[in-house]
Structure formats: structure tokens, C-alpha cells
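**Student:** everything below, folded, please.
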Amino acid sequence: MWNSNEIIDDTYMIMGELGRGGTGVIYLAYHLRLEKYVVLKRIKDNFANILKVRTEVDILKKLHHTYLPQVYDFMQMGNHIYTVIDYIDGCDLDRYIKEGYVFTEHQLMTWLRQLCDVLGYLHSQKPQILHCDIKPGNIMITSEGNVCLIDFNISLDEETGSELSGISQYYASPEQYEKAMSIVYHTKTTVTIDQRTDVYSLGATFYHMISGIIPTISGPNTPLSQMGLGYSKEFLEIIDKMMETNKTFRYKNTSEVVRDIDKILRGNSAVVKLVSSLLVTFLVYAIVLVCGFWMYFHGKGMLYLEDFNEKYNDFEISYNSDDYRGAITKGIEILNNVEYRDVFEDDIEKKYTILHYIGECYFYEEDYHEACRYYKETVELGADSSSVNVFMRDYAIALIRTNNISEAQNVIAEARGKGLDEENLKLIDAEIRSMNSDHRGTVTLTTELMHSLDRDISLRAYRLAADSYQKLGEYDSQIGCLNAIVNVDPSIQNYRMIGDAYIKKAEGFHENYISSRKEAYERAVYYYEKVVANEYHNLWDTLNISVSYMELEKYEKAIEHLKNAAAKEENYRIYMYLAFSYEKQNDYANARENCLRAVRLYESSTEKDKHQNTSDVIRNLYLLEQKLR
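**Tutor:** Residues are numbered from 1 along each chain as shown. Now for the predicted structure:
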């Protein structure tokens, strides 16, 4: 229990209690540094898997949407974990319903469309986020009259599993309720939870708002369109379809709901225009003359904003899908578009977020000089952001990777003055040790950071330790770190890293250790199959999995992957390994054809990679070509 005016973590001043939830008291607090009100909510007690909790909260921290509260941080206080989120000034729909408010159709459609918009955003995340607890009490109406969706449920609030967590009986879909009961009674069920679960719960919420009747899950609910409630039949039929008991007949996603809402809005707009033109034609002409220019430029601005949001969402999808090259291209295109200048002036956070993401992409591609350039711009533009310390940390680490230690030290000193915490400073110190080839010292520091409550710091520590273990030749320890990473963040980049680690482990065995080499290559194949299943995999991924299959003498699998690559691009390496694979199968005709093609492409190549290991392979290619003559 905290008391009013108590300072928590040197950052939050407790203002008082807002209420009580299933996990304890919810507090209103004042963020001393950001100078704004926030909410502290307890989400877990006696947690067993701190990395899982950190992952869940970190997912929430990355969400940015007009109709969602911002999640700023989370804290561990003894055996309790608290989230820190925006304080929303307004009332929830539950209160409006209890006080007997009657909503206009325009209000209802506006709010329904806004909620569909935010749910569509959550559903588009990777991994997908399902709210799973939509009800009137979890929908706030702000002082501006817009919605804010709170308490989205990704197994943060209960201990019995994500499908059961926080289930609200009157608003839960039939399949969600069945899933919950199977958990309670330990029975098996084949039902699945998907986007349609949220569609149902949203429909059930509006059913209650419109009719004043609490929906029931035990029997059929009387369709709204049969009640004579004074709303348009078309609108009520949307709610009825959202609440179809059989989800096959329900809307598949919120985009379909929005489509039907827009049909009604367009129809209403057409009627209004017709009536207005008959009654006030002269006035309309006058308004057109006076306001024409304003409407033109305002309309253009709205079109630019709509276009910007579409491009920005596409950019985020590429970034979250590990399509770093695509994200860089799309991000730079957005930044260079002069039509978005006003958008950035109104929302500077969008601009420095794009800059930071581009810097991240270059960092993951190991182009640290370009990463520095974009991180520096991020720091300059986001100087007043609550994330400025993270931006400065990333900039300092990229500078260290370019061996610009002196400039990195200047950035570190400035960040320290702005309050950069000890864990981030220790992470930077580990980067410096790694750059100085003090790999054992790097491992010591990063081991301490692996248990950080900050998921980003923890994952960076694991990656840095894995890199140091690789350079020390301790492949099992390296793989242990990478396994911890993929269990929390199963991304293409992390699968690639662990697949590559197994290849290096296999190559480290003497040829006599046949079973050990085979086991390592099999693990490499397991992870690289996950990589190449992603549409954003690259040629090196295909070559790595193909060579691994060749080492396992599974030449058909190698050929299959190489042919898929050949259909997309011309590269001598593809045909070179095809030639080797066919030769191992005694298919000399195909071996010769691909060998000659590889030699021809290599001779005309401008790159001609002259690294020693590649030169050895090319030498073998020429030997094969001579053998097959």
C-alpha cells in the first residue's frame, strides 16, 4: 500500500487511489520528470517467469495509437510488478450505461469505427495482439469525446492462462467462454481464439449500450434489428452480425465492420446533400465562394495525412517483419516526401521514431556508420522525448561499433547527465570491452544484465554475450544465450543467428566426429527453415540452409532451396552449389550445365568475392568444371 504524496522509484508521486482491480489497488500518480499524470497498476504477484512478463509489457510499450493509452514502463517492487500507463481523463462506458444515457446513432457509429480502427491496429501487430476483454468498463470516453481502449489482455492480469485471463462472461464470445471452461475443468477442446473473438465482444458491448440489455452467453440474444429501437436497420444489422454465435457467419475482422459502417455514412451523406441542395442552394454557392480555398487546402491536407498513415503503417510492418532493407527504403521515402512536412510539424514523434527505426535497421545490418547518422538525428530531434536516454544509448553503442570511442564517451557523459540509469551504462561498458577484445570481461558484465527487468537490455546482453562466446570458441555457451533470445523474441534475425551458430559449431568438429557434426547441422537446418519461410529472407539464408543439407547428404532438399533462389535472382553461388549437389547425385548432365552457368556468372561478376573461404570454393568449382568436360 502506498500513501498520498509518497515518492516511488524517485519518479512517481502518489496522488491517491483510483480504484481496485483483481490484482490490487490502482493508483493515480504524477510523473515528476514528464510532468504529467500516470496510472500505476499492479499486474502480477509471485511471478515465476520474469522474462515472459517483461516480454508482455515490452509489447505494450511499443504500441502507439490515438485510441490506446501509452504504456511507459513497468517496475518491480518486492514481489509485485506494476505497469505505468497514461492517465485518461474521462469516464468509461459502463458508467454512462448505468446512468441511463441514450446515445445518438452518429455517436455510436463514430465510436464503433474508432474502436475497429484500434483493434485493427492491435490485430496487425507481429505477434498478433488480441484484446480478449472488451467490455464497457474497458472503453473510456475522453474529454474530447473520443474512445480510449484500456486493459488489453495478453495474459498480464491473471494466472490461469491467456485464454481465461480476465474473461467477462456477458461480453465474451461463445468460443472464448468454451475455451475458458475447458481450462477450468481440465477438458480438451478444439475451439480457437482469433480476431472474431474481439469482434463479438465489441458487438456485445454496443448491444448493451443500444438496448440497455446485458447480453447473455447461455442463450440467443434477441437481434437489435427486431427491437424497434429508433436506430437505422442497417446499423443495427451490423451489431447483430458482429454477435453471430457461429463465428463462421460473423465479420472476419474489424476491417469488414468498418466497410459496412462507411456504407451507411456515405448513404447518410448523400441524403443530407440532396436535402441541403433543395433547401439552401443559394447559401451553398455562397459558402463555396467564401470557403472554397480553405476546403481545397484542408482536403489536400486530409488526403496527405491518410496517405502518410498508410505509408507509415507499411513501414512499421516491414520493420516488425525484419525486412530491414524494405523498412529503410520506405522510411527514407516518407522522410523525403515534402507533402508530409505538415504531418511531421504536428507529430514530431512520428519523425524521430522513423529515424530511430532506420538507425536500428542499419545497426542490425551491421552498417554502423549509417546507423550512427540516423541515431544522431534521432537524438537531436527527440531531445525532449521520454525515450531520449535510450536514443543516446543506441547512438553511443553504434559509435563504439565504429571504434569512435572518444565521441561515444561524449555522448555517454551527456546521457549520464540526463539520468541514464546504471544498467544502460553497464551495457555500454560491455560494448567497449567487446570492442577491445576483452570477451571474458564482456561475458561477466552481460551475465549480470541478462536478468534485467528491461527486456531490451536483457536481450542486448544475451546477444553481446553470445557474440563474445563465439569469439572465445565456446559454441555451446553461445547457443545457450541465443536459445534464451529466441524463446522470448522468435524473429527471423534471431533464428538466423542461432542457425549460423550451429553451422559454426558443426564446422568446429573434426571430421571424425560424424554424429556430433550431423546433430549440429540438423539443428542449423531446423532454425534456417524458419528463416527461409519468411518472405524477407536473403540469398545467404538460402545458401546456408542448402550447404547444411549438403553436409547431411540431403541433396534433394538442397536443390529444392537453390532452385527457389534461382527463380528470384541470378547469382553464381546458386548454380555453383547446384552443380556440387547434382554431382554428388551422379547427375552429371545437370551438374555440368549448372557448373558452366556458375563459371560464366562468376567471370562476369563485378564483385568476385575474394575472401579465402570463397576462393577455395571457386577453386573447387573450376576443378569440377574440368572433371565434367
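
**Student:** burial of K418, as a residue count?
**Tutor:** By other C-beta atoms under 10 Å, 11 other residues sit near K418. Backbone N, C-alpha and C define where each C-beta goes, glycine included.

**Student:** what residue ranges in the protein are flagged as low confidence?
**Tutor:** Low-confidence segments of the chain, defined by pLDDT under 70: 20-24, 44-54, 152-167, 184-185, 217-219, 268-304, 606-618, 621-622, 625, 628-629.

**Student:** that one: strands as residue ranges?
**Tutor:** With DSSP state E as the criterion, the chain has strands at 7-8, 12-21, 24-31, 36-45, 71-77, 80-86, 90-92, 139-142, 147-149.

**Student:** each with direction, which strands does the second one pair with?
**Tutor:** In this case it means strand 12-21. Applying DSSP bridges, strand 12-21 is found paired with strand 7-8 (antiparallel), strand 24-31 (antiparallel).

**Student:** so which of the ones you listed is the most packed in?
**Tutor:** strand 24-31 (a mean of 18; mean count of other C-beta atoms under 10 Å).

**Student:** returning to that earlier point: which one of the strands of the chain lies closest to D421?
**Tutor:** D421 sits nearest to strand 71-77 of all these, at 11.2 Å, using C-beta to C-beta.

**Student:** list of residues touching the closest one?
**Tutor:** 8-9, 31, 34, 38, 40, 43, 50, 53-54, 57, 60-61, 63, 81-86, 386, 453 (C-beta atoms under 8 Å, 6 or more residues apart in numbering).

**Student:** report the buried members of those residues.
**Tutor:** The neighbour count (16 or more other C-beta atoms under 10 Å) marks 8, 31, 38, 40, 43, 50, 53-54, 57, 60-61, 63, 81-86, 453 as buried among those.

**Student:** okay, now the nearest residue to I492 once chain neighbours are set aside: neighbour count?
**Tutor:** Computed as C-beta to C-beta, 6 or more residues apart in numbering, the closest residue to I492 that is not its neighbour in sequence is D322, at 4.2 Å. Using other C-beta under 10 Å, D322 is surrounded by 21 other residues.

**Student:** A565 and L624, how far apart?
**Tutor:** Applying C-beta to C-beta, to the nearest Å, the value for A565 to L624 is 20 Å.

**Student:** neighbour count winner among the two?
**Tutor:** Applying other C-beta under 10 Å to A565 and L624 shows that A565 carries more neighbours, namely 23 against 19.

**Student:** verify the stated contact: that one with I574.
**Tutor:** Yes - using C-beta atoms under 8 Å, A565 is in contact with I574, at 5.1 Å.

**Student:** can you check which residues contact both of those two?
**Tutor:** Contacts common to A565 and I574, judged by C-beta under 8 Å, 6+ apart, are 539, 542-543.

**Student:** quick one, which of these are buried?
**Tutor:** Listed as buried from the shared contacts of A565 and I574 are 542-543; burial here means 16+ other C-beta under 10 Å.

**Student:** and which of the shared contacts of A565 and I574 is nearest to H131?
**Tutor:** Distances from H131 to the shared contacts of A565 and I574, taken as C-beta to C-beta, are shortest for T542 (38.1 Å).

**Student:** please name the nearest non-neighbouring residue to H369.
**Tutor:** T402 (5.7 Å).

**Student:** OK, contacts around the closest residue to V525 other than its chain neighbours?
**Tutor:** Of all residues not flanking V525 in the chain, S548 sits nearest, at 4.9 Å (C-beta to C-beta, 6+ apart). Residues near S548 by C-beta under 8 Å, 6+ apart: 503, 506, 521, 524-525, 528.

**Student:** rerun that using 10 Å as the cut-off
**Tutor:** For S548, the contacting residues are 499, 502-503, 506, 520-529, 554, 557-558, 561, by C-beta atoms under 10 Å, 6 or more residues apart in numbering.

**Student:** among the shared contacts of A565 and I574, which one lies nearest to S406?
**Tutor:** Among the shared contacts of A565 and I574, L539 lies closest to S406 (C-beta to C-beta), at 37.5 Å.

**Student:** please report how far the closest one lies from E365.
**Tutor:** According to C-beta to C-beta, L539 and E365 sit 14 Å apart.

**Student:** can I get stretch 122-134 in PDB, CA atoms only?
**Tutor:** What follows is stretch 122-134, C-alpha atoms only, in PDB (Å, rounded to 0.1, in the frame of the first residue of the first chain):
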ATOM      1  CA  LEU A 122      -3.600  -4.500 -32.400                       C
ATOM      2  CA  HIS A 123      -4.500  -7.400 -34.700                       C
ATOM      3  CA  SER A 124      -1.900  -6.300 -37.300                       C
ATOM      4  CA  GLN A 125       1.000  -6.500 -34.800                       C
ATOM      5  CA  LYS A 126       3.600  -9.200 -35.000                       C
ATOM      6  CA  PRO A 127       2.900 -11.200 -33.000                       C
ATOM      7  CA  GLN A 128      -0.800 -10.500 -33.200                       C
ATOM      8  CA  ILE A 129      -2.400  -9.000 -30.200                       C
ATOM      9  CA  LEU A 130      -6.000 -10.000 -29.300                       C
ATOM     10  CA  HIS A 131      -7.700  -7.800 -26.700                       C
ATOM     11  CA  CYS A 132      -9.800 -10.700 -25.300                       C
ATOM     12  CA  ASP A 133     -11.600  -8.500 -22.700                       C
ATOM     13  CA  ILE A 134     -13.600  -5.900 -24.500                       C
END
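
**Student:** 625 is where my numbering starts, stick with that
**Tutor:** Sounds good: first residue 625 from here, last item stretch 746-758.

**Student:** buried set for it?
**Tutor:** Judged by neighbour count (16+ other C-beta under 10 Å), stretch 746-758 contains these buried residues: 746-748, 753-758.

**Student:** please apply the same query to stretch 719-733.
**Tutor:** Applying a neighbour-count criterion of 16+ other C-beta under 10 Å, one finds 720-721, 727, 729, 732-733 buried in stretch 719-733.

**Student:** ditto for stretch 1130-1145
**Tutor:** Using 16+ other C-beta under 10 Å as the test for burial, stretch 1130-1145 gives 1130, 1133, 1141, 1144-1145.

**Student:** now do stretch 1031-1051
**Tutor:** 1032, 1035-1036, 1038-1040, 1044, 1047-1048, 1050-1051.

**Student:** now, which of those lie within helices?
**Tutor:** Within these, residues falling in helices by DSSP state H are 1032, 1035-1036, 1038-1040, 1047-1048, 1050-1051.

**Student:** I'd like those residues as a markdown table, with distance to L1220 appended.
**Tutor:** As requested, these are exported to a markdown table (distance: C-beta to C-beta, whole Å):
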| residue | distance to L1220 |
| --- | --- |
| A1032 | 51 |
| V1035 | 54 |
| I1036 | 56 |
| E1038 | 59 |
| A1039 | 57 |
| R1040 | 61 |
| E1047 | 57 |
| N1048 | 55 |
| K1050 | 56 |
| L1051 | 52 |
